[in-house]
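Visitor: everything below, folded, please.
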Amino acid sequence: MASAPRSNPLSIYGLYLVGSALLASNPVLGRALAHVVPPVGLTFWRWALAFLIILPFALPGLLAHRHRLLADWRRFLMLGVLGQGISGAVVYYGLAHTGATNASLIYATSPVMVLAIAAVWLGEAIRPRQVAGILVAMAGVLVILTRGDLNALLHLSFNIGDLQVLTGAISWSVFTILLRQSRGGPLPVMTSFAANALAGVLVLTPFYAWETLAVRPVPFTVHTMLSIGSVALFASVLAFIAYQRTIALMGAAQASTALYLSPLWAALGSWLLLGEGLEPFHLAGVLLVLPGVALATLPARPGAPAPEAAADRACTDRI
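Guide: The predicted model follows:
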């Protein structure tokens, strides 16, 4: 029997780089739209469009698992609150007050937050190396929150946007852990993605209606609709597809390291598209956050299992 064709290493790592750039596109595009499209409206239409784009591919799984999805509707609504509500709209609120580079660096700590929360909440084992990585990464977040100024820490003076992004990252970590707790084992990834997107849209609907009537509506111009469509397509659907394909080609542990490159892509995109400059505290944050996340989540030796499957899933679902 003929053997399956081998994948070209150049194409594999090209997909890996493209996938990490797609992950980074969300804070850059969110920052670009922060003062144009209201945050709940941006989140609502991002996930509504993402659901519609992926529906033709997810429909067989949604129909096959419909009884299980309906029986677990309360859990999916909670996932919608955490994953699309707090981790979506609240982060877009934050991007109106902070830079895309800051947001991407803070969000890059999601895998170590998953490890820490799972250790405290679920009593999962955590190794000394992982503890060290968590502490280093959190030190990097502190540098970003204080802009490298310890006086800000002494006076508890932080940028509100950074705190909102941090809230979103914590919410996403809780979302990731709850995603693991599904009854009857995990759903197919396409089915889970579509169900979570739809749950997010349902949760956001009343808040979107309130924002439209009481604050300001989404300006339905060609420019804004193309921009929102770009967030849905690139930061949601294509990021999801690229990451799942990278996992199939490289394995979850290696593919999850794409998250470590995202802040670098976000910094480049912010500089090119938004005119945001790099500050010394950004470099200090990179030198702490990325090694800390790597220390906490990478396997101890080649071929060893990842320290926690939750860390990989944090990257898988971080779109």
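
Visitor: where's Ala125 relative to Ala58, distance?
Guide: 35 Å (C-beta to C-beta, to the nearest Å). In short, each C-beta sits where N, CA and C put it, glycine included.

Visitor: who has more neighbours, those two?
Guide: The residue with more neighbours, out of Ala125 and Ala58, is Ala58; 21 against 9, by other C-beta atoms under 10 Å.

Visitor: distance of that one from Leu77?
Guide: For Ala58, the distance to Leu77 - C-beta to C-beta - is 18 Å.

Visitor: what about Gln164, which helix or strand?
Guide: Gln164 belongs to helix 160-180 when assigned by DSSP states H and E.

Visitor: helices or strands up against that helix?
Guide: Counting contacts by 3 or more C-beta pairs under 8 Å, 6 or more residues apart in numbering; DSSP states H and E, helix 160-180 is packed against helix 73-80, helix 91-94, helix 100-107, helix 110-121, helix 128-146, helix 309-316.

Visitor: quick one: buried residues of the following helix or strand past it?
Guide: Using DSSP H and E, the helix or strand that follows helix 160-180 in sequence is helix 189-210. Within helix 189-210, the residues that qualify as buried are 189-201, 203-204, 207-208, counting by 16 or more other C-beta atoms under 10 Å.

Visitor: roughly how far does Phe234 sit from Leu278?
Guide: 23 Å.

Visitor: more neighbours: the two, which one.
Guide: Phe234 (18 against 14).

Visitor: identify the residues contacting the more buried one.
Guide: Leu22, Ser25, Leu29 (C-beta atoms under 8 Å, 6 or more residues apart in numbering).

Visitor: nearest to Leu163 among the residues you listed?
Guide: Leu29 (21.3 Å; C-beta to C-beta).

Visitor: the closest one contacts Ala235, correct?
Guide: Yes. Between Leu29 and Ala235 there is a contact at 6.3 Å, judged by C-beta atoms under 8 Å.

Visitor: need the overlap of contacts for those two.
Guide: With C-beta under 8 Å, 6+ apart, Leu29 and Ala235 have no common neighbours.

Visitor: neighbours of the closest residue to Leu122 other than its chain neighbours, just the number please.
Guide: The spatially closest residue to Leu122, leaving aside those adjacent along the chain, is Ile177, at 7.2 Å (C-beta to C-beta, 6 or more residues apart in numbering). Ile177: 19 surrounding residues under other C-beta under 10 Å.

Visitor: Ile177: what's it in contact with?
Guide: With C-beta under 8 Å, 6+ apart, Ile177 has these contacts: Val114, Ile117, Ala118, Trp121, Leu122, Ala310.

Visitor: out of those, who's the most crowded?
Guide: Val114 (28 neighbours).

Visitor: okay then, goodbye and thanks.
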